[in-house]
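[1] model the following, please.
(one chain, ligands or ions: 1)
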Amino acid sequence: MPVPKRKRSKSRRDKRFANKGLAVKSITGCPNCKAPISTHVACKECGHYKGVKVLVTKSERAQKRVDSRKAKQAATGEQESKAE
Ligand SMILES: [Zn+2]
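    Numbers count the residues shown, from 1 in each chain. Coordinates of the predicted model:
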């Protein structure tokens with residue numbers, strides 16, 4: 001009867017079960033913008049969770065940055081025009 005030459009170490013044995021707990025995440029559509037999102041997670045596209053706005057999205061931050069820059073430029077432009 002064939003027998004394993006050496007004892008399999010705990011490390012090698014436990015590696016076999018290391019991925020057993022991994023599960024495929026369920027994905028649903030955002031009720032607000034229909035983007036695919038994980039369940040029980042706020043939508044990164046529109047910042048909504050259960051129909052309530054809870055996050056400031058990346059695009060909104062970028063837009064805010066552009067607006068503040070324009071306001072700053074307008075303010076400094078006005079000051080320069082006043083100085084001249
Ligand atoms: Zn969304």
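[2] run the chain-centre distance for the helix or strand harbouring Arg61.
    Element membership for Arg61, per DSSP states H and E: helix 58-83. Offset of helix 58-83 from its chain centre (CA atoms, centre = their mean, to the nearest Å): 28 Å.
[3] quick one: buried residues of that helix?
    In terms of neighbour count (16 or more other CB atoms under 10 Å), helix 58-83 has no buried residues at all. C-beta: built from backbone N, CA, C; applies to glycine.
[4] hmm, that helix touching the ion?
    No. Counting by CB under 5 Å from the ion, the ion is not contacted by helix 58-83; separation bottoms out at 11.9 Å.
[5] same for that helix, what does it pack against?
    Packing contacts for helix 58-83, counted by 3 or more CB pairs under 8 Å, 6 or more residues apart in numbering; DSSP states H and E, involve no helix or strand.
[6] any idea how far Lys20 lies from Asp14?
    For Lys20, the distance to Asp14 (CB to CB, to the nearest Å) stands at 10 Å.
[7] for Lys70, same thing?
    Taking CB to CB, one finds Lys70 at 58 Å from Asp14.
[8] what does Arg8 give?
    Here Arg8 is placed at a distance of 10 Å from Asp14 (CB to CB).
[9] so how far is the first residue of stretch 19-39 from its last?
    The first and last residues of stretch 19-39 sit 22 Å apart, counting by CA to CA, to the nearest Å.
[10] could you point out where the chain is predicted with low confidence?
    Where the chain drops to pLDDT under 70, the residues are 78-84.
[11] which residues touch the residue nearest in space to the middle of the chain?
    Nearest to the geometric centre of the chain sits Lys44, at 6.0 Å (CA atoms, centre = their mean). Lys44 sits next to 35, 37, 55, 57-58 when contact means CB atoms under 8 Å, 6 or more residues apart in numbering.
[12] out of these, who's nearest the ion?
    Comparing the contacts of Lys44 against the ion with CB to the ion picks out Ala35 as the nearest, at 4.9 Å.
[13] and the residue nearest to the closest one when sequence neighbours are not counted, what is it in contact with?
    Excluding its sequence neighbours, the residue lying closest to Ala35 (CB to CB, 6 or more residues apart in numbering) is Glu45, at 4.1 Å. Going by CB under 8 Å, 6+ apart, Glu45 touches 30, 33, 35, 37, 57.
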